[in-house]
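1. For reference, the sequence and a predicted model appear below.
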Amino acid sequence: MSIAKWSVSKIDAANYCKMRYYLKYIDPNRPKPARLSAYVKGSLLHESIENLWKKNGTPEESNKKKNGKRYYDAESFAKYIQGKWTSIIIADEKAKEKIEWSNENEKWFIRSQLESICKGLYSSLINEGPPIYSEIPFSFVVKKWNLNGRIDEIRKKDGKIIIRDYKSGRPWMGEMKLDYSPQLTLYNIAVGAICFGNEEFARKLSMGEKRKRFMGNPIWANQDFQLELYMTDSFYIPKDAKTTAANPIHKTIRKNEHFFMLLKMIEETEYAVQKGNISPDWGRKCDSCDMKHPCKGTLDNINKPYLEKKTGQRFFDFAIPSFLKSNPPPVQEEQLKLRLRKRFVAKKLKSID
């Protein structure tokens, strides 16, 4: 039995939109994703959090850039990250693949926005202290799938294990995203899987003998693990605003049924691709999708019984996605055929009479 690999990113794409999943991971043309400004900003903040403890030092160390230290307080951290953003803007001017800005001033708006975000982020994380683990890779097999990815952080507070995922962008979080995100579900199962196979890791998380009950023995999702979405942009406050920063941390838990639903989603996605039941799910969310440009192109391909390479050559039949092969004829063609059949039948009946 072949084992299909499903990463966190792959699962997120399939959950977001089946067409996005197809274009990113199945399409033989392998269209390039757009470099959206929100993604670039998110990557910078994620990298900054990952390296915060390594680059944080004393004023003397950071001034001399000794031992890789670059900042020592909230203000110097914010200036450092703003400087990194300025470098991204400059590099983008000569880059072949440009960043897609929503408007001409967005790059500078984000730079000013980073000041309050980074100051709040630094103060919050320094107050919490470093995590037990950060950027933990995982890979395990369930049924016919290899599930893999990385977890941002694992922390321990008041005897409770906290699995945290950092997110940038809109700081408001709805209950459906928080309580049903397959990404957070997988992180819960993944920590249990690591504990199950690594006694030392389990000991640090105070799992002890409980680790043997993970991986479906009978526990898949451990309800004692606290899952957190940490919204970095919660610290942004417009200068003329009269409000304070929102709470950046949103907490939730998972149970076994969340994982069963995740596996069902994966299975149904594979079946949909196999049968060609893939079509764009166009709407408001598409404006922030990194596959929106190739997705637009699916409109032009809908009546083609073949798929062209970027060079203009046609793919062999076995490489053609089934959603192109199995398209029904357009409605107008069907109506024309129906009218012709009716005329033929009427003519035949008349000749019999």
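-> Perfect, I can see it now.
2. Just the helices from the stretch 51-200 of the chain, written as ranges.
-> Ranges of helices in the stretch 51-200 of the chain, per DSSP state H, counting those that start in this stretch, are 59-64, 74-94, 106-128, 175-180, 182-197, 199-204.
3. With the stretch 201-350 of the chain instead?
-> Going by DSSP H, counting those that start in this stretch, the stretch 201-350 of the chain shows helices at 256-275, 292-301, 322-325, 331-352.
4. Deepest-packed of the helices of the stretch 51-200 of the chain, please.
-> Sort those by mean neighbour count, taking mean count of other C-beta atoms under 10 Å, and helix 182-197 sits at the top with a mean of 23. The C-beta positions use only the backbone N, C-alpha and C, and glycine is treated the same way.
5. list the helices and strands it packs on?
-> Contacts defined by 3 or more C-beta pairs under 8 Å, 6 or more residues apart in numbering; DSSP states H and E place helix 182-197 against helix 8-16, strand 133-142, strand 145-157, strand 160-167, helix 199-204, strand 226-231, helix 256-275.
6. in its sheet, what does the second one sit against?
-> Which is strand 133-142. Strand 133-142 has these partner strands in its sheet, going by DSSP bridges: strand 145-157 (antiparallel).
7. before we move on, back to that, can you flag the weakest of the helices of the stretch 201-350 of the chain by average pLDDT?
-> With a mean of 54, helix 322-325 has the lowest mean pLDDT of the helices of the stretch 201-350 of the chain.
8. Okay, now the unreliable bits of the protein?
-> Flagging of the chain using pLDDT under 70 yields the residue ranges 1, 239-245, 301-353.
9. Please repeat the previous calculation with a cut-off of 90.
-> Confidence mapping of the chain against pLDDT under 90 gives the ranges 1-2, 29-30, 64-67, 170-174, 237-247, 275-281, 283-285, 297-353.
10. From Pro182, how far off is Ser279?
-> Ser279 sits 21 Å away from Pro182, going by C-beta to C-beta, to the nearest Å.
11. whoops, I mixed them up, Ile81
-> In terms of C-beta to C-beta, Ile81 sits 30 Å off from Pro182.
12. and what of Phe140?
-> Relative to Pro182, Phe140 is positioned 16 Å away (C-beta to C-beta).
13. repeat for Phe196
-> 20 Å.
14. For the nearest residue to Pro280 once chain neighbours are set aside, the count of nearby residues, please.
-> Computed as C-beta to C-beta, 6 or more residues apart in numbering, the closest residue to Pro280 that is not its neighbour in sequence is Met19, at 4.7 Å. Neighbours of Met19 under the rule other C-beta atoms under 10 Å: 22.
15. can you pull the contacts of Met19?
-> The neighbours of Met19, taking C-beta atoms under 8 Å, 6 or more residues apart in numbering as the test, are Ile278, Ser279, Pro280, Asp281, Met291, Cys295, Thr298.
16. just Phe214 next, same as before
-> Gly192, Ala193, Cys195, Phe196, Trp220, Asn222.
17. Could I get the CA-only coordinates of stretch 255-262 as PDB?
-> C-alpha atoms of stretch 255-262 as PDB (Å, rounded to 0.1, in the frame of the first residue of the first chain):
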ATOM      1  CA  LYS A 255     -11.300  15.600  20.900                       C
ATOM      2  CA  ASN A 256     -10.900  12.400  18.900                       C
ATOM      3  CA  GLU A 257     -13.900  13.300  16.600                       C
ATOM      4  CA  HIS A 258     -12.000  16.300  15.300                       C
ATOM      5  CA  PHE A 259      -9.200  14.000  14.000                       C
ATOM      6  CA  PHE A 260     -11.700  11.600  12.500                       C
ATOM      7  CA  MET A 261     -13.200  14.500  10.600                       C
ATOM      8  CA  LEU A 262      -9.800  15.600   9.400                       C
END
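18. Quick check, Lys167 in contact with Ser234.
-> No. Shown here, Lys167 and Ser234 do not form a contact pair, counting by C-beta atoms under 8 Å, at 10.0 Å.
19. okay, stretch 25-38 in PDB with CA atoms only?
-> Output of stretch 25-38 as PDB, limited to C-alpha atoms (Å, rounded to 0.1, in the frame of the first residue of the first chain):
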ATOM      1  CA  TYR A  25      -0.100  20.100  -5.400                       C
ATOM      2  CA  ILE A  26      -1.600  18.200  -8.300                       C
ATOM      3  CA  ASP A  27      -1.600  20.400 -11.400                       C
ATOM      4  CA  PRO A  28       1.200  19.100 -13.800                       C
ATOM      5  CA  ASN A  29       1.900  22.700 -14.800                       C
ATOM      6  CA  ARG A  30       2.900  23.600 -11.200                       C
ATOM      7  CA  PRO A  31       1.800  27.200 -11.400                       C
ATOM      8  CA  LYS A  32       3.800  29.600  -9.200                       C
ATOM      9  CA  PRO A  33       2.000  31.100  -6.200                       C
ATOM     10  CA  ALA A  34       1.700  34.900  -5.900                       C
ATOM     11  CA  ARG A  35       4.000  36.700  -3.500                       C
ATOM     12  CA  LEU A  36       1.300  38.400  -1.500                       C
ATOM     13  CA  SER A  37       2.300  41.200   0.900                       C
ATOM     14  CA  ALA A  38       0.400  39.600   3.700                       C
END
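20. Thanks again, I'm all set now.
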